[in-house]
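Q: need a structure here:
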Amino acid sequence: MLDVAIVGAGPVGLYLGALLLQQGLNVRVLEQRGVPNPHSRAIGIHPPALAALAQAGVAAALAGEGVHIRDGVARSRGRFVRELSFAEAAPASPFILTLKQARTEAVLEARLRELSSGALLRGFRVQSMHDAGTHVRLAAATGTGEGSGGTGPDGATTAVSARLVVGADGAHSTIRRELGIPTSGRDYPDTYLMGDFPDTGSDGTTAVLYLEPGGIVESFPLPDGLRRWVVHTDSLLDGASAGDLAELIRQRTGATVDPRANSMLSAFGVRSRLATRMVQGRAVLVGDAAHEISPIGGQGMNLGWLDAAALAPIVVAALRGQPTGARLERFEGTRMAAARRASWQAGLNMALGRPLPASFMDVRNAAVGRAFGNARLRNAVARRFTMQ
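A: Residues are numbered from 1 along each chain as shown. Presented below is the predicted three-dimensional model:
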């Protein structure tokens, strides 16, 4: 019998698996995909999460590959609005790290396999769960999913038993469904189109927010000479091309990108969902399984890592026979409060990026520029944006 079964091999599940393996626990991470997802969206690693990742021995590798963003600039209609310096706001943790999620997951998976070569089981789609009181039994179909690498014949079923189960299986969590835990939240009217293009501008490693009457355009540097562009759209542009995105960028900002060199393109809507609880019986939810928030602001993946960092020592203590009821209660309360704050911040970020008549936007931007002239306020906002 396993000590812990973690369902979901995204960045949160892989990270938690590494933390628990380092403590000598018998852990398996079960993932329905046979191969990693190369099209994930998250790129930002905030300072508190990078500090947490150091506990798993991967922070240095990630920091060595990623781009260190020390400054953010707001512009509007060709004019400078205000600059935020993350280095000035928090000298001890002076940057946001950007790295494609697929690469972040690859580093985490390599660490997991270094700790235990058989810890990750791909092609395992959990179908049901039963809490037997002393352990949890998971029924899974093996050999499933795209590019399957499951250990059984395609479509066969198997059972996995563990003393504890952690659902790190995303916004459509099977574990949450099996536990019968409801969610509350809302669908936002905001939609976006984003893509990666070669960086041909002069902004270097600076993040740029274009506050435009037609809606915000965000621009973030990435490794390998790339830059990610995110554009607020009037509706979900599912069938949009890289040329469509390039034209939206040109119209609103004047910047030109080469649609022929586009390497990622995604249209998405936004919603927020918070589970009513994270802990039930011998199961715990973390990451998007517990709290799905808007990706605008880049806090979701980081929030999940901080869930895992807080949970890992409690799991270790529980499996060693120590009383953990009060610690689990505090964990749930603290992490759900953090999720609510992140959701509120993401909602504010989206509101600031919605279309506005040019006259109203000029007044608002002037007010923002004056307010951010106060160093204390400016640095407080920078710390909030970086989850500090």
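
Q: who does the strand ranked longest in the chain touch, helix- and strand-wise?
A: In the chain, taking DSSP state E as the definition, the longest strand is strand 183-198. Packing partners of strand 183-198 (3 or more Cβ pairs under 8 Å, 6 or more residues apart in numbering; DSSP states H and E): strand 226-233, helix 242-253, strand 264-275, helix 325-352. For glycine as for every other residue, the C-beta is placed from the backbone atoms N, C-alpha and C.

Q: dump the C-alpha coordinates for it into PDB.
A: Written as PDB, here are the backbone C-alpha positions of strand 183-198 (Å, rounded to 0.1, in the frame of the first residue of the first chain):
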ATOM      1  CA  THR A 183     -17.800  24.800  -5.700                       C
ATOM      2  CA  SER A 184     -19.000  28.400  -5.900                       C
ATOM      3  CA  GLY A 185     -17.900  31.100  -8.300                       C
ATOM      4  CA  ARG A 186     -18.600  33.000 -11.500                       C
ATOM      5  CA  ASP A 187     -18.000  33.200 -15.200                       C
ATOM      6  CA  TYR A 188     -16.400  36.500 -16.200                       C
ATOM      7  CA  PRO A 189     -17.300  38.400 -19.400                       C
ATOM      8  CA  ASP A 190     -13.600  38.800 -20.300                       C
ATOM      9  CA  THR A 191     -12.000  36.900 -23.200                       C
ATOM     10  CA  TYR A 192      -8.400  36.900 -24.400                       C
ATOM     11  CA  LEU A 193      -6.200  35.800 -27.300                       C
ATOM     12  CA  MET A 194      -2.600  35.100 -26.600                       C
ATOM     13  CA  GLY A 195       0.500  33.900 -28.500                       C
ATOM     14  CA  ASP A 196       4.300  33.700 -28.500                       C
ATOM     15  CA  PHE A 197       6.400  35.500 -31.100                       C
ATOM     16  CA  PRO A 198      10.100  36.300 -31.500                       C
END
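
Q: figure out how far it is from the centre of its chain.
A: Mean-position distance between strand 183-198 and its chain equals 13 Å (Cα atoms, centre = their mean, to the nearest Å).

Q: so that strand versus helix 242-253, what angle?
A: 90 degrees (axes from the mean of the first three to the mean of the last three Cα atoms, to 10 degrees).

Q: strand 183-198 pairs with which strands, and in what direction?
A: Strand 183-198 pairs in its sheet with strand 226-233 (antiparallel), strand 264-275 (antiparallel), by DSSP bridges.

Q: residues near Glu332, how many?
A: Around Glu332 there are 20 other residues, counting by other Cβ atoms under 10 Å.

Q: Three-state assignment for the most centrally placed residue in the chain, please.
A: Residue closest to the average C-alpha location in the chain (Cα atoms, centre = their mean): Met301, at 2.1 Å. For Met301, the assignment made with DSSP: H, G, I helix; E, B strand; the rest coil gives helix.

Q: same question for His172.
A: His172 is classified as coil under three-state DSSP.

Q: and it, its phi and psi?
A: When read as degrees, to the nearest 10, the backbone of His172 gives phi -100, psi 40.

Q: and the helix or strand hosting Arg176, what's buried?
A: According to DSSP states H and E, Arg176 maps onto helix 174-179. Using 16 or more other Cβ atoms under 10 Å as the test for burial, helix 174-179 gives Thr174, Ile175, Arg176, Glu178, Leu179.

Q: how close does the second one get to Pro223?
A: Separation of Ile175 from Pro223 (Cβ to Cβ, to the nearest Å): 33 Å.

Q: ok, now the fourth one?
A: In this structure, Glu178 and Pro223 are separated by 39 Å, where distance is defined by Cβ to Cβ.
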